[in-house]
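Student: What follows is a predicted protein model with its sequence.
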Amino acid sequence: MAILVTGGAGYIGSHTVLHLLNKGEKVVVFDNLQKGHQEAVMEGVSFYKGDLHDSDLLDTVFAENEIEAVIHFAANSLVGESVENPISYYQNNVAGSLNLVDRMVENGVKKIVFSSTAAVYGEPETVPISESDRTVPGNPYGETKLAIEKLLFWADQAYGLKSVALRYFNAAGADPEGRIGEDHTPESHLIPIVLEAALGKRPHVSIFGEDYKTEDGTCIRDYIHVMDLAEAHYLALEKLKRTEESGVYNLGNGTGFSVKEVIETCREVTGRDIHAVASPRRAGDPAVLIASSQKAKDELGWMPQYPDLKEIVKHAWNWHVNHPDGYSAQ
Ligand SMILES: NC(=O)c1ccc[n+]([C@@H]2O[C@H](COP(=O)([O-])OP(=O)(O)OC[C@H]3O[C@@H](n4cnc5c(N)ncnc54)[C@H](O)[C@@H]3O)[C@@H](O)[C@H]2O)c1
Ligand SMILES: O=c1ccn([C@@H]2O[C@H](COP(=O)(O)OP(=O)(O)O[C@H]3O[C@H](CO)[C@@H](O)[C@H](O)[C@H]3O)[C@@H](O)[C@H]2O)c(=O)[nH]1
């Protein structure tokens with residue numbers, strides 16, 4: 001039996017594929033390559049270039065492979081972009097996921113692990129955030145992810161489709177062995193942007209807002225190593241197989257770092273000058289997001305291996321310094 005990974009050529013998806021292969025799992029990747037890279041998919045993995053909206057191709061994938069479960073990463077995932085273009089987020093994240101779930105039900109595939117996000121919480125009332133806290137997304141991206149969490153809840157009641165929604169906080173870092181890493185064009189995530197500035201690929205880093213109600217005025221996020229996320233997907237699948245119970249879990253380290261602290265850590269790790277410039281706030285950004293991941297620890301047996309921000313940045317830097325032009329140069 002194989003695991004179908006949608007978005008498996010993307011950043012978190014490709015690291016999860018690598019991890020699943022290390023665990024001896026058989027993997028099939030489905031990705032339209034709108035953001036992903038075929039080079040990020042390990043050799044020997046079946047790869048289908050296709051879109052979530054393509055029902056015929058999804059049916060072919062289910063017919064040609066014995067799929068026991070789906071890990072669903074494929075989505076648009078940028079907070080700022082979602083505020084500017086909500087329709088494309090509803091189209092891809094809601095309509096695309098709906099179609100995938102529809103084809104799963106039709107083809108008798110009964111397990112899914114879904115990439116949700118800290119963005120479902122909006123501006124939290126208290127931190128660290130627990131799964132039972134209120135979900136009031138502050139941007140269309142978070143709304144689309146919450147909509148699919150709700151679809152999955154009802155699909156369990158109606159069709160017995162079992163799901164785990166993993167609400168990740170900020171994914172960062174890279175394969176510690178340097179085989180794959182983060183490569184988005186254009187890049188919008190803080191750590192790779194700061195590292196591009198360290199490489200001289202951009203003149204400076206813009207700090208989006210210095211007037212938040214935080215100690216240094218900049219936004220605070222909980223950065224989680226991409227390989228720790230990968231392991232959580234494996235554990236979530238194991239739990240689904242073992243208990244056949246749906247669930248929702250936060251994934252973060254429980255420690256927050258401000259934008260300025262992240263830039264400082266990147267200066268320390270790279271030993272390079274990194275110029276930072278104050279800029280206006282980015283629409284849709286909450287001030288502070290920090291996870292309580294106690295539930296994932298208790299119920300999935302998840303224990304992050306790389307909780308130290310310096311180590312997370314070190315692995316990311318190792319990838320960027322060796323692949324300054326990302327996958328395109330390979
Ligand atoms: N990066 C983060 O910090 C973060 C945090 C929380 C949640 N997430 C979620 O994790 C998932 C993966 O994020 P990522 O950072 O790896 O993003 P990514 O853009 O690197 O990966 C997404 C992949 O999905 C593919 N894709 C998108 N739409 C598709 C479609 N309609 N059909 C087929 N393939 C499609 C893209 O080509 C890409 O390879 C997303 O669902 C995102 O919302 C990411
Ligand atoms: O050039 C930059 C880029 C980002 N930031 C700030 O850095 C923080 C982190 O931003 P970014 O790396 O873009 O991540 P988020 O917007 O926090 O979103 C990520 O983390 C969310 C979960 O917390 C996920 O849902 C999203 O998919 C993922 O992109 C935010 O405060 C940004 O305003 C800057 O100041 N300058």
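Tutor: Arrived safely, thanks for sending. Numbering: from 1, shown residues only. Ligands and ions are numbered 1, 2, ... in the order given.
Student: For the longest helix seen in the chain, which outside residues touch it?
Tutor: As assigned by DSSP state H, the longest helix anywhere in the chain is helix 140-159. Identification of contacts with helix 140-159 by C-beta atoms under 8 Å, 6 or more residues apart in numbering yields 75-79, 81-83, 86, 89-90, 93-94, 97-98, 101, 105, 110, 112, 114-117, 119-122, 135, 137, 161-163, 165, 246, 248, 284. The way it works is simple: take the backbone N, C-alpha and C, and place the C-beta from them, glycine included.
Student: So Gln305 sits against Leu229, correct?
Tutor: No. Here Gln305 does not reach Leu229: they are 11.1 Å apart, not a contact under C-beta atoms under 8 Å.
Student: Can I get stretch 248-263 in PDB? Just the C-alpha atoms.
Tutor: C-alpha atoms of stretch 248-263 as PDB (Å, rounded to 0.1, in the frame of the first residue of the first chain):
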ATOM      1  CA  VAL A 248      -6.600  18.200  15.300                       C
ATOM      2  CA  TYR A 249      -3.100  19.000  16.500                       C
ATOM      3  CA  ASN A 250      -0.900  22.100  16.800                       C
ATOM      4  CA  LEU A 251       2.700  21.800  15.800                       C
ATOM      5  CA  GLY A 252       5.200  24.300  17.100                       C
ATOM      6  CA  ASN A 253       8.100  24.500  19.700                       C
ATOM      7  CA  GLY A 254       6.200  26.700  22.200                       C
ATOM      8  CA  THR A 255       8.800  29.500  22.000                       C
ATOM      9  CA  GLY A 256       8.300  32.700  20.200                       C
ATOM     10  CA  PHE A 257      10.900  34.800  18.400                       C
ATOM     11  CA  SER A 258      10.400  38.300  17.100                       C
ATOM     12  CA  VAL A 259      11.400  39.300  13.500                       C
ATOM     13  CA  LYS A 260      14.300  41.200  15.000                       C
ATOM     14  CA  GLU A 261      15.400  38.200  17.000                       C
ATOM     15  CA  VAL A 262      15.300  36.000  13.900                       C
ATOM     16  CA  ILE A 263      17.400  38.500  12.000                       C
END
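Student: Please identify which helix or strand holds the closest residue to Ala40 other than its chain neighbours.
Tutor: Of all residues beyond its chain neighbours, the one nearest Ala40 is Ser14 (3.8 Å), with distances taken as C-beta to C-beta, 6 or more residues apart in numbering. Ser14 belongs to helix 11-22 when assigned by DSSP states H and E.
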